[in-house]
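*Asks:* Dropping a prediction and its sequence here:
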Amino acid sequence: MKNRVTVTIANQEYTLVATEDAAYMEKVAHHVDAKLREVLEGSKVSTTEAAVLAALNVADEYFKEVEAAENLRGQLKEYLEEATDLKMQLSEAKREIFKLQNKKS
């Protein structure tokens, strides 16, 4: 089901149509508006130029977050491999303890 919501970005209204709920679309629009205002406040550029610069800032954030997520996935993979190795070592140690206890008896 498509949802329709009207949002304001840089004092201009836009009607968005998407499958996401209205709250999500408003959140996204608010983020875009904030990024655009951030650029507009810091410089004397046109709204179009500010939109391009804001898009570049958002793209930069996106790629940095993707890289951070990939790094976290890599760390998680290493931790899982280490945990598997430690589990195997623990299992081997338990077998060794069991053997030593049986020899004692």
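*Replies:* Noted; the coordinates are in hand. Note that the structure is predicted; figures quoted are calculated from it, not measured.
*Asks:* When you work out contacts or count neighbours from here on, use the C-alpha atoms and nothing else.
*Replies:* Noted.
*Asks:* And the residue positioned nearest the centre of the chain, which helix or strand is it part of?
*Replies:* Nearest residue to the geometric centre of the chain (Cα atoms, centre = their mean): Glu65, 5.7 Å. In this assignment (DSSP states H and E), Glu65 forms part of helix 47-104.
*Asks:* Which elements pack onto that helix?
*Replies:* helix 22-42 (3 or more Cα pairs under 8 Å, 6 or more residues apart in numbering; DSSP states H and E).
*Asks:* Just the buried positions in the helix it packs on, please.
*Replies:* Using 16 or more other Cα atoms under 10 Å as the test for burial, helix 22-42 gives 22, 25-26, 29-30, 32-33, 35-37, 39-40.
*Asks:* What is the nearest of the residues you listed to Leu90?
*Replies:* Met25 (50.0 Å; Cα to Cα).
*Asks:* is it true that that closest one touches Leu16?
*Replies:* Yes - if you go by Cα atoms under 8 Å, Met25 and Leu16 touch, sitting 7.5 Å apart.
*Asks:* Would you mind listing the residues touching both of these two?
*Replies:* Val5 (Cα atoms under 8 Å, 6 or more residues apart in numbering).
*Asks:* What distance do you get for Thr15 to Ala29?
*Replies:* Separation of Thr15 from Ala29 (Cα to Cα, to the nearest Å): 11 Å.
*Asks:* What of Glu81?
*Replies:* Glu81 is 41 Å from Ala29, by Cα to Cα.
*Asks:* Which positions are bridged to Tyr14 in the beta structure?
*Replies:* Val7 (DSSP bridges).
*Asks:* ok, it - contacts?
*Replies:* For Tyr14, the residues meeting the contact criterion (Cα under 8 Å, 6+ apart) are 6-8.
*Asks:* Can you give me the neighbour number for the closest residue to Asp33 other than its chain neighbours?
*Replies:* Take Asp33 and drop its neighbours on the chain: the residue closest to it by Cα to Cα, 6 or more residues apart in numbering is Ile9, 4.8 Å away. Ile9 has 17 neighbouring residues, counting by other Cα atoms under 10 Å.
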